[in-house]
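In: Next comes the sequence, and after it the predicted model I'd like to discuss.
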Amino acid sequence: MSSKLIIIGSGGHSLSVMNVAISCGYSVIHFVDKKKKDLNYMGIPLISINKCVNSHANENYFIAIGDNVRREEVY
């Protein structure tokens, strides 16, 4: 059984997180990025933070922003 995961961020660090998550049995269902919404990223839908919060409040999340300062701002 696969657990669903939403990755916040869509840069290089998020690709590493996606690879590890998949190898651990997670199913990445969305990437979230406030600047790049309504696209696909690596074949996975990229959605806005508003759509994410409204539609996926009970899913697992991982903040995959490589910059420590930005990651703390998002958290």
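Out: Cool, the structure landed.
In: what is the mean pLDDT for the lengthiest helix in the chain?
Out: Identified as the longest helix of the chain according to DSSP state H is helix 12-23. For helix 12-23, mean pLDDT is 93.
In: Quick one: list the elements packing against that helix.
Out: Packed against helix 12-23, as judged by 3 or more Cβ pairs under 8 Å, 6 or more residues apart in numbering; DSSP states H and E, are the following elements: strand 3-8, strand 26-32. (Each C-beta comes from the backbone N, C-alpha and C, glycine too.)
In: Output those as CSV; include the columns mean neighbour count, distance to residue 72 and mean pLDDT.
Out: Output for the helices and strands packed on helix 12-23, formatted as CSV (neighbours: other Cβ atoms under 10 Å; distance: least, Cβ to Cβ, whole Å; pLDDT from 0 to 100):
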stretch, mean neighbour count, distance to residue 72, mean pLDDT
strand 3-8, 18, 13, 93
strand 26-32, 21, 17, 93
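In: Now do the longest helix of the chain against strand 26-32: the angle between them, please.
Out: Helix 12-23 and strand 26-32 are oriented at 150 degrees to each other (axes from the mean of the first three to the mean of the last three Cα atoms, to 10 degrees).
In: now helix 12-23 and strand 3-8, what's the angle there?
Out: Direction vectors for helix 12-23 and strand 3-8, defined by the same axes, to 10 degrees, enclose an angle of 180 degrees.
In: what does helix 12-23 rub up against?
Out: 5, 7, 9, 28, 31, 41-42, 44, 62, 64-66 (Cβ atoms under 8 Å, 6 or more residues apart in numbering).
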